[in-house]
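Asks: Here's a sequence, model it:
(chains A and B)
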2 protein chains.
Amino acid sequence: MDDIQARWVRGGTSKCWVFEAQDISKTGFTADTLLPRLFGSPDVRQLDGVGGGTSTTSKAVIVERSSRPGVDVDFTFAQVGIDEPVVDWGSNCGNCSTAAGLHAVELGWVELDDEITSVTTYNTNTRQTIVQRIPTPQGAMPGRMTARIPGAPFSGYEIGLGFVNPAGRTTGHLLPTGQAQQTITVGETSWRTTLIDAGAPLVLVEADALGLTGYEYGSWSRQVTDHLPALDRVRRAAAVAMGMVPAPGDAERAVPKLGLVGSPADENADINVLMLSMGAPHPAMPITGSVAMTAAALTPGTLVDDILAARRNAADGITEVADLRLRTPAGVLSTFVESTGSDTIIGVSRTARTIARAVLPIPEPEQADSVVRRPSMAVEGAS
Amino acid sequence: MDDIQARWVRGGTSKCWVFEAQDISKTGFTADTLLPRLFGSPDVRQLDGVGGGTSTTSKAVIVERSSRPGVDVDFTFAQVGIDEPVVDWGSNCGNCSTAAGLHAVELGWVELDDEITSVTTYNTNTRQTIVQRIPTPQGAMPGRMTARIPGAPFSGYEIGLGFVNPAGRTTGHLLPTGQAQQTITVGETSWRTTLIDAGAPLVLVEADALGLTGYEYGSWSRQVTDHLPALDRVRRAAAVAMGMVPAPGDAERAVPKLGLVGSPADENADINVLMLSMGAPHPAMPITGSVAMTAAALTPGTLVDDILAARRNAADGITEVADLRLRTPAGVLSTFVESTGSDTIIGVSRTARTIARAVLPIPEPEQADSVVRRPSMAVEGAS
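Replies: Here you go, the predicted structure:
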């Protein structure tokens, strides 16, 4: 039985298996065939493989040294199907992006700096360059991991993910309708929105417009339930307005995402946000969503800029927003903005650590028995 | 950061991480401290470790070469806590037992036979000797895995688990009340039961007594819902009758288990059984439950013997039951019985395969942030 090397990384709030492209080539299988079998798909539990039976734990990253000028690592994100033996190559995962930077540092693909090592990575799914910054004091990975992020219960190595010139990757324009605010009319209701494309296309709506109040953990998430159908109609109409699809019914469930924004009651965050993902409140924040939010903060006249301007006016001491602090249900996260030459980099800090360095036996291809039980039922007693 | 070697095995319908005892000793941590941290506990998702966030995927087996006469491998099963950083050492897992046999064969701890290699393993949790039989044609593991069991969607290596003299391990007697059938009275209702202790203590009740009919997938599981409270009272009264606890309220939730039995409508199985575990229908069958069922089949006058006798009388061709075929919700599984000298071995075939050979970095001990979200909410969109 053949083997393949792989590393398991907790990247941000996801678990990601990292493979080198040349190792996959050597197996004689395509990644579309190999990954589902290694992960144990199709099977809702992924019992017979390295997958974890949830979308956040059925992810892979394929890395290789890049031949692109100025790029260290090319990487491709694979969302491995769970109940189907398929791979979705349609998007990147910001969390798993950290695995590419960590791989380059841990395997010596880049020379380590005395303070902070930069790894320039290129995501092939989205053609997005992401500069990753990893603290390497005295030219080495720190002996202890001490960085934390909301949504991950233990520490990891800090990895700054800087999206280089993220504007307009999907639609061609930062503001696809040319307007910083755009009225979207659904039925007889008009909605004030900001439609922005940076990292990923995003629809922003004011929480005030829905009467949402109080941002202690979960309050918006609960109050928003009754508004979900209406907000999905806004999201679909916005997809049309952004030129992404010809009709609302054609919009994908996952793209564009929609975020509700509001002004915090305290000084520990700059803006409150609740993201809706696949029709439900997101427990934290997709990384591309935080990039788009930051781009909106930098763009005069957007809903985010309005909220920040009001806060700047209210509190004399506060001036420009260099780092944006986003309050999400899981906690406050900060983004950063850099300009280098003609490039604008919008970034967010994540943490990552290697959970396992492994060799995976490759079983013969075979038809799976159908195992349709839900995970919650499939409890085998310790016997 | 220190490392530890580990192997990940899909054993039966569980996923089990296998560690060698000497490797754990070398880390300077106890297994009670080390395993939860490696698994990512406490955290309902076990995001930062090798655990899978469910009871069937948060299991470890610690193996070492045995110094006991006639025993090849000692192994200890660890049920690793998920939302608490603790390890439960109170029981064995039949499924993960296969990982001990597979480890011995794959690492050359035993000499391989030309046909079937026997590995004598000793489970320290239950002080139970389990003889494991693994087909090794031409003195090697087969090039292809072809064995299947209900509840596992892909093939594995066949591993026969033979429990040596399993009778009376908990209560001291195969029939703890001295009777093959025992009337249990709860309130004003009397129940005909068989109370048997082999592999684990088990309470058997006739499905007929509850009016359960039809054993197509799931029908008993659905019909039994209304009877669950009454059956739990029977189970608790039976625990008292077996001398396990002084009063019904003292019975554990997991032990003894209760099984509903009935006569199949066809010739593809010898007996239908639905196990209840932790107050709910079990989707398949705990291995110790199938050992107890087989012991009941071998014991004159038990409910199982009655059902089999009626079938033998009904169909002239059928004589003794050498192998018992149990129909479970997940499919039909077979047990086997052997007598060697003064020993009785009751066994069941499982399959297993190595998913990963790994090295796990050991993070520094630290306090986890509380992450209390349920797994179903913690979906991070591919971003």
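
Asks: where along the stretch 1-150 of chain A do the helices fall?
Replies: Taking DSSP state H, counting those that start in this stretch to define them, one finds helices in the stretch 1-150 of chain A at A:21-27, A:31-39, A:94-106.

Asks: quick one: A:Thr299 from chain B, how far?
Replies: A:Thr299 is 20 Å from chain B, where distance means Cβ to the nearest Cβ, to the nearest Å. Quick note: C-beta positions are derived from backbone N, CA and C, even for glycine.

Asks: Quick check: that residue touching A:Gln181?
Replies: No - A:Thr299 is not in contact with A:Gln181 according to Cβ atoms under 8 Å; the separation is 10.4 Å.

Asks: Please enumerate the shared neighbours of these two.
Replies: By the contact definition Cβ atoms under 8 Å, 6 or more residues apart in numbering or on different chains, A:Thr299 and A:Gln181 are jointly contacted by no residue.

Asks: wait, does the top strand by length along chain A make contact with chain B?
Replies: Taking residue count as the measure and DSSP state E as the definition, the longest strand of chain A comes out as strand A:343-361. Yes - residues of strand A:343-361 contacting chain B under Cβ under 8 Å from any Cβ of the partner chain: A:353-361.

Asks: Please produce a PyMOL select command covering the buried subset of the residues you listed.
Replies: Under the burial definition 16 or more other Cβ atoms under 10 Å in any protein chain shown, those of those that qualify are selected in PyMOL by:
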select buried, chain A and resi 353+354+355+356+357+358+360
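
Asks: so what's A:Ile351 bridging to?
Replies: Just to correct that, residue A:351 is Thr rather than Ile. In this structure, A:Thr351 bridges to A:Glu158 when assessed by DSSP bridges.

Asks: Please apply the same query to A:Leu260.
Replies: Partner residues in beta bridges with A:Leu260, using DSSP bridges, are A:Val205, A:Leu274.

Asks: just A:Thr129 next, same as before
Replies: Under DSSP bridges, the residues paired with A:Thr129 across the bridge are A:Tyr122.

Asks: thought it was touching A:Tyr122?
Replies: Yes - with contacts counted by Cβ under 8 Å, A:Thr129 reaches A:Tyr122, the gap being 5.3 Å.

Asks: what's the overlap in contacts for the two?
Replies: Looking at what touches both A:Thr129 and A:Tyr122 (by Cβ under 8 Å, 6+ apart), the common residues are A:Val71.

Asks: since we're on the closest residue to A:Gly52 other than its chain neighbours, how many residues are nearby?
Replies: Nearest-residue entry for A:Gly52: B:Gly52, 5.2 Å, with adjacent residues in sequence omitted and distances by Cβ to Cβ, 6 or more residues apart in numbering or on different chains. When neighbours are defined as other Cβ atoms under 10 Å in any protein chain shown, B:Gly52 has 29 of them.

Asks: B:Ser58 is in contact with B:Gly52, correct?
Replies: Yes - using Cβ under 8 Å, B:Gly52 and B:Ser58 qualify as a contacting pair, with a distance of 6.3 Å.

Asks: list the residues that contact both of those two?
Replies: Common neighbours of B:Gly52 and B:Ser58 (Cβ under 8 Å, 6+ apart) are B:Gln46.

Asks: Out of the helices of the stretch 1-150 of chain A, which is the most enclosed?
Replies: Mean neighbour counts were taken over these using mean count of other Cβ atoms under 10 Å in any protein chain shown, and the top value, a mean of 28, falls to helix A:94-106.

Asks: Do that helix and chain B come into contact?
Replies: Yes - among the residues of helix A:94-106, A:94-95 lie within reach of chain B under Cβ under 8 Å from any Cβ.

Asks: Show me how the record splits chain A into domains.
Replies: According to the domain assignment given by automatic domain parsing, chain A is divided into the following structural domains: A:3-166+A:350-361, A:182-338.

Asks: what's the most buried one of these?
Replies: When these are scored by mean count of other Cβ under 10 Å, the highest mean neighbour count falls to domain A:3-166+A:350-361 (a mean of 21).

Asks: tell me the average confidence for that one?
Replies: In this model, domain A:3-166+A:350-361 has a mean pLDDT of 96.

Asks: And that domain, end to end?
Replies: In terms of Cα to Cα, to the nearest Å, the two terminal residues of domain A:3-166+A:350-361 are separated by 4 Å.

Asks: Between the two ends of stretch A:333-347, how far is it?
Replies: Stretch A:333-347 has an end-to-end distance of 11 Å (Cα to Cα).

Asks: Need the contact partners of that stretch.
Replies: Stretch A:333-347 is contacted from outside by A:131, A:149-150, A:160-167, A:198-199, A:284-285, A:290-291, A:293-295, A:298, A:322-326, A:348-349, using Cβ under 8 Å, 6+ apart.

Asks: Give me the subset of those lying in helices.
Replies: Counted as lying in helices by DSSP state H, out of the contacts of stretch A:333-347, are A:290-291, A:293-295.

Asks: Nearest residue to A:Asn95 in space, please, no chain neighbours.
Replies: A:Gly12 (3.1 Å).

Asks: Now for that neighbour: which residues touch it?
Replies: A:Gly12 makes contacts with A:94-96, A:98, A:149, A:151-152, A:287, A:350-352, B:380, as judged by Cβ under 8 Å, 6+ apart.

Asks: Make JSON lines from these and add distance to A:Glu188 to it.
Replies: Shown next, in JSON lines, are the contacts of A:Gly12 (distance: Cβ to Cβ, whole Å):
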{"residue": "A:Gly94", "distance to A:Glu188": "38"}
{"residue": "A:Asn95", "distance to A:Glu188": "40"}
{"residue": "A:Cys96", "distance to A:Glu188": "43"}
{"residue": "A:Thr98", "distance to A:Glu188": "45"}
{"residue": "A:Ile149", "distance to A:Glu188": "42"}
{"residue": "A:Gly151", "distance to A:Glu188": "39"}
{"residue": "A:Ala152", "distance to A:Glu188": "44"}
{"residue": "A:Ile287", "distance to A:Glu188": "36"}
{"residue": "A:Arg350", "distance to A:Glu188": "43"}
{"residue": "A:Thr351", "distance to A:Glu188": "47"}
{"residue": "A:Ala352", "distance to A:Glu188": "48"}
{"residue": "B:Glu380", "distance to A:Glu188": "36"}
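
Asks: Looking at those, which is nearest A:Gly28?
Replies: Distance to A:Gly28 across the contacts of A:Gly12 (Cβ to Cβ) is lowest for A:Cys96, with 25.3 Å.

Asks: I'd say that closest one and A:Ser14 touch.
Replies: Yes - counting by Cβ under 8 Å, A:Cys96 sits close enough to A:Ser14 to count as a contact (5.5 Å).

Asks: Right, I'll call it a day here.
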